[in-house]
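>>> here's my sequence, what's the structure:
(chains A, B, C and D)
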Number of protein chains: 4
Amino acid sequence: MVEYIKDVIWKNGQKVSDFLEQMKANGYQSIELYKAAEIIYKMKKEKAKIFLTFTSNLGTSGLRGLFAQLIKLGLADIIVTTAGALEEDIMKSIGEKFLITRFNADDIALHEKGHNRVGNIAITTDTYQKFEGFIIPILEKIAKEKKSLTTSELIYEIGKNLKDNNSFIRQAYLKKVPIHCPSIIDGSIGFQLYFVKQKHPEFNIDIISDFKETMFYTTQDDRKGVIALGGGVSKHFAILSSLISGGMDYAVYITTANATSGSASGATTSEAKSWGKIKDDADSVTVKGDATVLFPLVMFSVLDRLKKEGEI
Amino acid sequence: MVEYIKDVIWKNGQKVSDFLEQMKANGYQSIELYKAAEIIYKMKKEKAKIFLTFTSNLGTSGLRGLFAQLIKLGLADIIVTTAGALEEDIMKSIGEKFLITRFNADDIALHEKGHNRVGNIAITTDTYQKFEGFIIPILEKIAKEKKSLTTSELIYEIGKNLKDNNSFIRQAYLKKVPIHCPSIIDGSIGFQLYFVKQKHPEFNIDIISDFKETMFYTTQDDRKGVIALGGGVSKHFAILSSLISGGMDYAVYITTANATSGSASGATTSEAKSWGKIKDDADSVTVKGDATVLFPLVMFSVLDRLKKEGEI
Amino acid sequence: MVEYIKDVIWKNGQKVSDFLEQMKANGYQSIELYKAAEIIYKMKKEKAKIFLTFTSNLGTSGLRGLFAQLIKLGLADIIVTTAGALEEDIMKSIGEKFLITRFNADDIALHEKGHNRVGNIAITTDTYQKFEGFIIPILEKIAKEKKSLTTSELIYEIGKNLKDNNSFIRQAYLKKVPIHCPSIIDGSIGFQLYFVKQKHPEFNIDIISDFKETMFYTTQDDRKGVIALGGGVSKHFAILSSLISGGMDYAVYITTANATSGSASGATTSEAKSWGKIKDDADSVTVKGDATVLFPLVMFSVLDRLKKEGEI
Amino acid sequence: MVEYIKDVIWKNGQKVSDFLEQMKANGYQSIELYKAAEIIYKMKKEKAKIFLTFTSNLGTSGLRGLFAQLIKLGLADIIVTTAGALEEDIMKSIGEKFLITRFNADDIALHEKGHNRVGNIAITTDTYQKFEGFIIPILEKIAKEKKSLTTSELIYEIGKNLKDNNSFIRQAYLKKVPIHCPSIIDGSIGFQLYFVKQKHPEFNIDIISDFKETMFYTTQDDRKGVIALGGGVSKHFAILSSLISGGMDYAVYITTANATSGSASGATTSEAKSWGKIKDDADSVTVKGDATVLFPLVMFSVLDRLKKEGEI
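Numbers count the residues shown, from 1 in each chain, chains lettered A, B, ... in the order given. Predicted coordinates:
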């Protein structure tokens, strides 16, 4: 069916879902964004197992609340992310607040104040210390009980100890949604794991079993989809995980990285088809842009629609 | 006042304006986008003269309808754009439709079908011919009446002949909003102007007077703002135009271009301050991303707010 | 013929041309860059008429010397650029120097010092004043002699008055290479043209005839190629110009702009094929990256090769 | 000292090092690239311990040969990378070849042929099988001998078994340069580790000790520098590692990622200063662009200079 560009017109008090409907025929990334909404909607309707992956900085952003909500509503069945996202989720869960700053802030002045910058967000060194004070006893308790556990088991244990319902780690614990973090040592939590291991030298993170859990999370018979926000190891590990179960049926990438560099972060859903990580006939789209704006825009629209149909 | 990151949470049926409110404290480009909405709101409230500039491809997109609406509602007092945007606005005004295609379409196959691609939009060669059939008699009539006119005068004359209220050229005609197009020959309309000039050798486009009109459009006493969508000559010409009247008081750039290349397209609002094209203390922001999504998102929110306050 | 990736190995004192040879089989943009060298080499060997286009900021950079040299050596037969590039070439020709600064300089401090920033380059306000003092008498003389002239005629007249052999305007004058600047009023020169027109109200820039000159610069029988550095009107106007003579036989784009935004600046050589602006079977490549590094790298290699073969 | 833009001029047969000298005063990324060369030169001259990090796709590219050479020449003292880079280095070491393809290749056709695409490079499924046949016996032997080892110990063992001097894993083995790969399971090698663990359930990768090794690799007394090519976990883990030893004295990032998204991949050297990961007064630069071109360009120049001074 041939489709045509349509004029975008403001109507007073328009809802996000109606806004997205207008994007369908607007052009460029607006069209791709609309496709993303269609594909995520289908993932849920067709009961796909949904892999949600995001980079550390998105855990730093306000999206962490939305991630928690998506888990609660059954729109994320398995998570892959990196250490920073876990840490920042925990920090917020224990009441810490992140400052809004500027991209071109004076970084030497920030350093003197103990403000650690992530784009236009800053986390104080004091917050890191509170995080440390909170997490070390939990890790020590875990290390006493278990000699070896996967990152998803470790994060599950951490989730038990959180009380914030806007925490994705907490919601994942409640909903038994596994969170994998293959590069878990790449952050402050790496220091804390190291301190704990000094006392408990047998203590270990069993990342090989993380691999197993992820690879066998889905079977050939499952429908499966991936929503990858940003790139890096979280994106790649998620799409890799469906390789032996036949590839993803649905895939939505939202990224600022360019395909032209050949990086995994910028790789398109099309490239993943050459590998069989996404099926040849999968519904898939790569949306170029900042996930802090684009992802909630898509999801709010999808959730409205699913709500209307009684799916959530 | 210190501000903090807040969790983004979906609520059923949320409005665009409430969505944007959540972006205020989400992080990265969402924060910049919120600032853009605040600044555009102020432009209108403080009765600034608003320069709206956009690249050709945005005229090709569905945004052209929104541009028309903004002129009608008094949110664009002067326009700078390029030839393609004018042409595509006229094509749509005479009933032509643009096809939705794919970014990675087979361009040789498209060429054979006469589908001229602009990103994921295609314009048929037939549409170009209809455009030509429509515009040549108008240009000939103009050339008979006037030996020399500025691009804004030319576009005003074209606007007289259009009937589509979603045409920004038509709305600009109705509201006496000047549209300047310094590089007007860079498009199909260049061919038509050339054909007309063959019959009327004295006929001329007086771009030097376009310069004068734009530079003297505002005075030191005016408050003035610029909304620049994309880069290129339209963006640069608009910000240049306030140099002698003291620089812009407000500036919002939405662009996908990077500052790292030193190009005018990627230049930030901060860079413009070194030139005095934007005042040192201006409210200004550079938002990185695709204007087809980000601009209507911002504007729908601003318009809702202005409507509520009876400003529009 | 199947080709394979080869290890890149440093050898002491390697030449640029040998370096580029290694890029042929390195991967990602290095491969595209090598293709660019091959295509430009062919343009010259097969006696194509070469359109060279560049954005304003590249005239600001040190590349302006290379542009002059390329004209001298017969590797640029027709130029399309924007006002800033002309101005900066003239400023350097009269002995002005541009400061090296930083991308994240304090723009308000720069403004106070009269340092106008272009990425990590600054042009002083004093330099602008010297430019003005130099150019106004020349423009006045031209305005007295001719009522109306194309931008290429105007620039030719300016070229007569320059003495710097590293000036591309001067070299273009010497070699009778036309330089077109459709948006010539978009810069400081716009002010000067306006001042001159106040004294000589009949004076006019005949951009419609620029269109004619460019469109008829090549015929169906000519082989023709385009080297587009950056995007904007200069790129688009050059590729448009071959539309009626059958499309470019060779095309090299070097740009930092992304295809995903649908902009003319980010449009690929493939997209141009859908329009017939580049032939279906043309040798063409789009290289992603900063032209200040990539373009001289390519050209030094091509020139070495042409020198060896006695072509230059 | 004030520095000025200088014209770039081709001279026949120019060397890479002379080319880079011209970049010093050319503008935009060429200036940043020159700074990168200066900083890397200083790292070596001042006997800094050099962290070299690169993403998976750069191991796929021809740069893997240069990485090996840099280790051999003493310009990389510790490496951080991801699984794909290891795998591709091993594949090449056992004689496998990677095909050159196109960014916009037909991915479904590639899939049918068993050509797995990475940008414009393809790796055949047959190559993956040969890799598997080679690596499994090695991993089994390791698993029999050691119950638990860090990724750097594992990679050292693999290095023993390679014979290709262009292999960075081999050269790292010979020079006792540790290679850390925190996310080692994120690739084909994850499958093989899993197979081996099935037979040897006690076998484990001890990533916590990787953390320890990396963090204590340098002390406060060491001068230390980082060269980060691309982003992701390899970049972040390397800069994190100097946090407790006082931050990097030198830092060069070469990346295509944008700072505007707040991602670790796009984070600038300036941002790292706010964290103390790079010292306030460090020599540091962020170069925007494709490392396949920019990194060898910089290194060839640095190596020429060091050779001349008898440093290598």
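
>>> now find how far off-centre stretch A:96-113 is within its chain.
Centre-to-centre, stretch A:96-113 and its host chain are 24 Å apart (C-alpha atoms, centre = their mean, to the nearest Å).

>>> so which bits of it are buried?
For stretch A:96-113, a neighbour-count test (16 or more other C-beta atoms under 10 Å in any protein chain shown) marks A:Glu96, A:Phe98, A:Leu99, A:Ile100, A:Thr101, A:Phe103, A:Asn104, A:Ala105, A:Asp106, A:Asp107, A:Leu110, A:His111 as buried. Bear in mind the C-beta positions are built from the backbone N, C-alpha and C, glycine included.

>>> need the longest strand for chain A.
strand A:278-288 (DSSP state E).

>>> what's the closest non-adjacent residue to the residue positioned nearest the centre of chain A?
Nearest to the mean C-alpha position of chain A, counting by C-alpha atoms, centre = their mean, stands A:Phe54 at 2.8 Å. Using C-beta to C-beta, 6 or more residues apart in numbering or on different chains and skipping residues adjacent in sequence, the residue nearest A:Phe54 is A:Leu229, 4.2 Å away.

>>> which residues touch the residue of the stretch 101-250 of chain A found nearest chain C?
Closest approach between the stretch 101-250 of chain A and chain C, counting by C-beta to the nearest C-beta: A:Asn104, at 5.7 Å. Contact analysis of A:Asn104 by C-beta atoms under 8 Å, 6 or more residues apart in numbering or on different chains lists B:Ser270, C:Asn104.

>>> which SSE is it in?
Using DSSP states H and E, A:Asn104 sits in no helix or strand.

>>> anything in the top helix by length along chain A near chain D?
With secondary structure taken from DSSP state H, chain A has its longest helix at helix A:125-145. No. Counting by C-beta under 8 Å from any C-beta of the partner chain, chain D is not contacted by helix A:125-145; separation bottoms out at 8.9 Å.

>>> each with direction, which strands does the next helix or strand along the chain from that helix pair with?
Counting by DSSP H and E, the next helix or strand C-terminal to helix A:125-145 is strand A:148-149. Taking DSSP bridges as the criterion, strand A:148-149 sits next to strand A:204-205 (parallel) in its sheet.

>>> in the stretch 1-150 of chain A, which spans are strands?
For the stretch 1-150 of chain A, applying DSSP state E, counting those that start in this stretch gives strands covering A:49-54, A:78-80, A:99-100, A:115-118, A:121-124, A:148-149.

>>> coming back round to it: for the longest strand of chain A, packing partners?
Under the contact definition 3 or more C-beta pairs under 8 Å, 6 or more residues apart in numbering or on different chains; DSSP states H and E, strand A:278-288 sits against helix A:29-45, strand A:248-255, helix A:269-275.

>>> that older thread, show me how far the longest helix of chain A is from its chain's centre.
23 Å.

>>> what are the contacting residues of stretch A:204-211?
Outside stretch A:204-211, the residues that reach it (C-beta under 8 Å, 6+ apart) are A:147-152, A:154, A:180, A:182, A:184-185, A:193, A:197, D:148, D:184-185, D:190-191, D:193-194, D:197, D:203-208.

>>> now do the buried residues in it.
With burial defined by 16+ other C-beta under 10 Å, the residues of stretch A:204-211 counted as buried are A:Asn204, A:Ile205, A:Asp206, A:Ile207, A:Ile208, A:Ser209, A:Asp210, A:Phe211.

>>> still on that earlier bit, now do the longest helix of chain A, average pLDDT.
Averaged across helix A:125-145, the pLDDT comes to 97.

>>> how about stretch A:39-59?
When pLDDT is averaged over stretch A:39-59, the result is 98.

>>> quick one: the helices in the stretch 151-300 of chain A?
A:151-160, A:168-175, A:188-199, A:207-215, A:232-240, A:269-275, A:291-308 (DSSP state H, counting those that start in this stretch).

>>> possible to save these as JSON lines with mean pLDDT?
Output for those, formatted as JSON lines (pLDDT from 0 to 100):
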{"stretch": "helix A:151-160", "mean pLDDT": "98"}
{"stretch": "helix A:168-175", "mean pLDDT": "98"}
{"stretch": "helix A:188-199", "mean pLDDT": "97"}
{"stretch": "helix A:207-215", "mean pLDDT": "97"}
{"stretch": "helix A:232-240", "mean pLDDT": "96"}
{"stretch": "helix A:269-275", "mean pLDDT": "97"}
{"stretch": "helix A:291-308", "mean pLDDT": "98"}
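
>>> looking at those helices, which one is packed in the most?
The highest mean neighbour count among the helices of the stretch 151-300 of chain A, using mean count of other C-beta atoms under 10 Å in any protein chain shown, belongs to helix A:232-240: a mean of 28.

>>> if you count contacts, what does that helix end up packed against?
Secondary structure elements in contact with helix A:232-240, counted by 3+ C-beta pairs under 8 Å, 6+ apart, are strand A:49-54, strand A:78-80, strand A:224-229, strand A:248-255, helix D:232-240.

>>> and it, C-alpha only, in PDB?
What follows is helix A:232-240 as a C-alpha-only set of coordinates in PDB (Å, rounded to 0.1, in the frame of the first residue of the first chain):
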ATOM      1  CA  GLY A 232      27.700  -1.000  23.500                       C
ATOM      2  CA  VAL A 233      27.800  -4.400  25.200                       C
ATOM      3  CA  SER A 234      24.200  -4.300  26.400                       C
ATOM      4  CA  LYS A 235      22.900  -4.000  22.900                       C
ATOM      5  CA  HIS A 236      25.200  -6.500  21.400                       C
ATOM      6  CA  PHE A 237      24.800  -9.100  24.100                       C
ATOM      7  CA  ALA A 238      21.000  -9.000  23.800                       C
ATOM      8  CA  ILE A 239      20.900  -9.500  20.000                       C
ATOM      9  CA  LEU A 240      23.600 -12.200  20.200                       C
END
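
>>> what's in contact with that helix?
Contacts for helix A:232-240 (C-beta under 8 Å, 6+ apart): A:51, A:53-55, A:78, A:80-82, A:180, A:182-183, A:214, A:226, A:228, A:248, A:251, A:253, A:255, A:264-265, A:272, A:277-278, D:56, D:82, D:183, D:185-187, D:190, D:231-233, D:264-265.

>>> what angle separates that helix from helix D:232-240?
Angle of helix A:232-240 versus helix D:232-240, following axes from the mean of the first three to the mean of the last three C-alpha atoms, to 10 degrees, is 150 degrees.

>>> show me how far helix A:232-240 is from its chain's centre.
That offset, for helix A:232-240, works out to 11 Å (C-alpha atoms, centre = their mean).

>>> same check on stretch A:152-168?
Relative to the centre of its chain, stretch A:152-168 is centred 15 Å away, using C-alpha atoms, centre = their mean.

>>> export it as PDB, just CAs?
What follows is stretch A:152-168 as a C-alpha-only set of coordinates in PDB (Å, rounded to 0.1, in the frame of the first residue of the first chain):
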ATOM      1  CA  SER A 152      21.500 -11.700  37.200                       C
ATOM      2  CA  GLU A 153      21.500 -13.600  40.500                       C
ATOM      3  CA  LEU A 154      23.600 -10.900  42.100                       C
ATOM      4  CA  ILE A 155      21.300  -8.100  40.900                       C
ATOM      5  CA  TYR A 156      18.200 -10.100  42.000                       C
ATOM      6  CA  GLU A 157      19.700 -10.200  45.500                       C
ATOM      7  CA  ILE A 158      20.300  -6.500  45.400                       C
ATOM      8  CA  GLY A 159      16.700  -6.000  44.300                       C
ATOM      9  CA  LYS A 160      15.500  -7.700  47.500                       C
ATOM     10  CA  ASN A 161      17.100  -4.900  49.500                       C
ATOM     11  CA  LEU A 162      15.600  -1.900  47.600                       C
ATOM     12  CA  LYS A 163      12.300  -0.300  48.500                       C
ATOM     13  CA  ASP A 164      11.800   2.200  45.700                       C
ATOM     14  CA  ASN A 165       9.100   1.100  43.300                       C
ATOM     15  CA  ASN A 166      10.600   3.400  40.600                       C
ATOM     16  CA  SER A 167      13.700   1.300  40.700                       C
ATOM     17  CA  PHE A 168      14.100  -1.100  37.800                       C
END
